[in-house]
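*Asks:* quick one, what's the 3D model for this:
(2 chains)
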Amino acid sequence: MDNDQVTLLGFWASPVAMRVRIALAEKGVRFEYKEQSMRNKSALLLEMNPVHKKIPVLIHNGKPICESLVIVQYIDEMWNQSPLLPSDPYERARSMFWADFVDQKIYDMKRKMMWTARGEEQEAAKKDFIDCLKLLEVELGAKPYFGGETLGYVDVALVPFYCWFHAYETIANFSIEAKCPKLIGWCKRCMQKESVSKSLAGPHKMYNYEEDTSAFRASTMLLV
Amino acid sequence: MAEVKLYGFWPSLFSHRIIWALKLKGVEYEYIEEDLSNKSESLLKYNPVYKKIPVLVHGDKPIAESLIILEYIEETWPENPLLPKDPYERAMARFWIQYGANTGAFSSFYRGSGEELEKAATELLESLKILEQQGLGDKKFFGGESINLVDISYGALGYWFAALEEAKGVKVLEPRTLPRLHAWAKNFVELPVVKENIPAYDKMLAYATDSMKMLARN
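*Replies:* Numbers count the residues shown, from 1 in each chain, chains lettered A, B, ... in the order given. Modelled structure (predicted):
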């Protein structure tokens, strides 16, 4: 394992790339991070992910793995320390269900809440978003993390979106903490872990990025 | 052995995936047909988040979302493995399964008409070309000589999708444009475990035609 060559192609503002950084950090895997430009894709990215041409891509000893949750599962299988998925098949299925819920519901929220017209459509998107976070709060229950006593697969899947919350709140004008204090409590608890705090981008930087690129995105439909 | 129940819906391709996997593993199960216009208390109890079928209930533990159910079946009944052993090959299998799940063109094709339908058909053809060239390659099945979860995840192409193409009057999966994938689809549907566990084609066509009529009304 010491001779492993591990490279991550990512983009600093991408929550799904952050998932991979957290997973690698939790396992203590040394890796080389290569920042990619979304507007000017590198030859390496195009070679390693010819199908989607997107980040994140993990390159392990020359072989590429794409799709953030597929990568996280791969990392969990290759490096046994600090397991992210439970060993019991039912608990694994449960973790996969909630990580998939994050992908189905939370991932798309940004576009709906921030890039759609103001007014009714945005209000509906905000309500939907809060409802989804509340479902996640129920799943968290009394546990410190979704993974129990330690960070697990669902924590890794969800926590990167925390650095987008300030941008969501400012642009869509609402307070997530007021509606979902338990979830924000969980976010802050995760942030006390170095694997998380070092992997997430700063919330103000995310807000500025959102403002700076909104015009460009509107014209090109670039999705991060 | 704890009881296994499958809540399904007879024309649902998601339901069929689970049936094939359970049959391949030799798992005895009770099938419960759901009336989607009048969902049972049990379904709502077992899948409160999405309220959808399929739901697998093992003992009293529910698992929802067909692809997740497939992974659960694979882990719980390891005989006749449906995923590669090698972690990299497993990651590649999962990548191709996700590829289908994330292909928005399927949904656009289903819902579209006129110009939108043409556009969706073109996009879908492009997506399927990539699947054929880079996913399937020269293999008989995605799993090699025998089927695996990737084949199961695309299985609908050989019958359900064919009925949809006929109902919409637009063909995408043809021997002319997608020779290997078309051949794969034919081979897949001929497998006894599939053939014996899907509705007759004329029933699928009638259902697809009715669904399109309902869509047009809405």
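*Asks:* how about the residues of chain A by chain B?
*Replies:* Selection of chain A residues close to chain B by C-beta under 8 Å from any C-beta of the partner chain yields A:50-51, A:60, A:63, A:65-67, A:69-71, A:73-74, A:77-78, A:89-90, A:92-94, A:96-97, A:100-101, A:135. For glycine as for every other residue, the C-beta is placed from the backbone atoms N, C-alpha and C.
*Asks:* could I have the buried ones of those as ChimeraX selection syntax?
*Replies:* In ChimeraX syntax, the buried subset of the residues of chain A next to chain B is picked out as below (16 or more other C-beta atoms under 10 Å in any protein chain shown):
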select /A:51,60,65,66,67,69,70,71,73,74,77,78,89,90,92,93,94,96,97,100,101
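*Asks:* okay, and which of the residues of chain A next to chain B map to strands?
*Replies:* Cross-referencing those against strands under DSSP state E gives A:His60, A:Lys63, A:Ile65, A:Cys66.
*Asks:* pull the number of nearby residues for the nearest residue to the last one once chain neighbours are set aside.
*Replies:* It refers to A:Cys66. Spatial nearest neighbour of A:Cys66, chain neighbours left out: A:Asn49 (4.9 Å); criterion: C-beta to C-beta, 6 or more residues apart in numbering or on different chains. Other residues near A:Asn49 come to 21 when the count uses other C-beta atoms under 10 Å in any protein chain shown.
*Asks:* show me the contacts for A:Asn49.
*Replies:* Going by C-beta atoms under 8 Å, 6 or more residues apart in numbering or on different chains, A:Asn49 touches A:Leu9, A:Ile55, A:Val57, A:Pro64, A:Cys66.
*Asks:* for B:His182, same thing?
*Replies:* Going by C-beta under 8 Å, 6+ apart, B:His182 touches B:Leu173, B:Glu174, B:Pro175.
*Asks:* repeat that with 10 Å
*Replies:* B:His182 is in contact with B:Leu128, B:Glu132, B:Leu157, B:Gly158, B:Ala162, B:Leu173, B:Glu174, B:Pro175, B:Arg176, counting by C-beta atoms under 10 Å, 6 or more residues apart in numbering or on different chains.
*Asks:* with pLDDT added, can I get the residues you listed in JSON lines?
*Replies:* Below are the contacts of B:His182 laid out as JSON lines (pLDDT from 0 to 100):
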{"residue": "B:Leu128", "pLDDT": "98"}
{"residue": "B:Glu132", "pLDDT": "98"}
{"residue": "B:Leu157", "pLDDT": "97"}
{"residue": "B:Gly158", "pLDDT": "95"}
{"residue": "B:Ala162", "pLDDT": "97"}
{"residue": "B:Leu173", "pLDDT": "98"}
{"residue": "B:Glu174", "pLDDT": "97"}
{"residue": "B:Pro175", "pLDDT": "97"}
{"residue": "B:Arg176", "pLDDT": "97"}
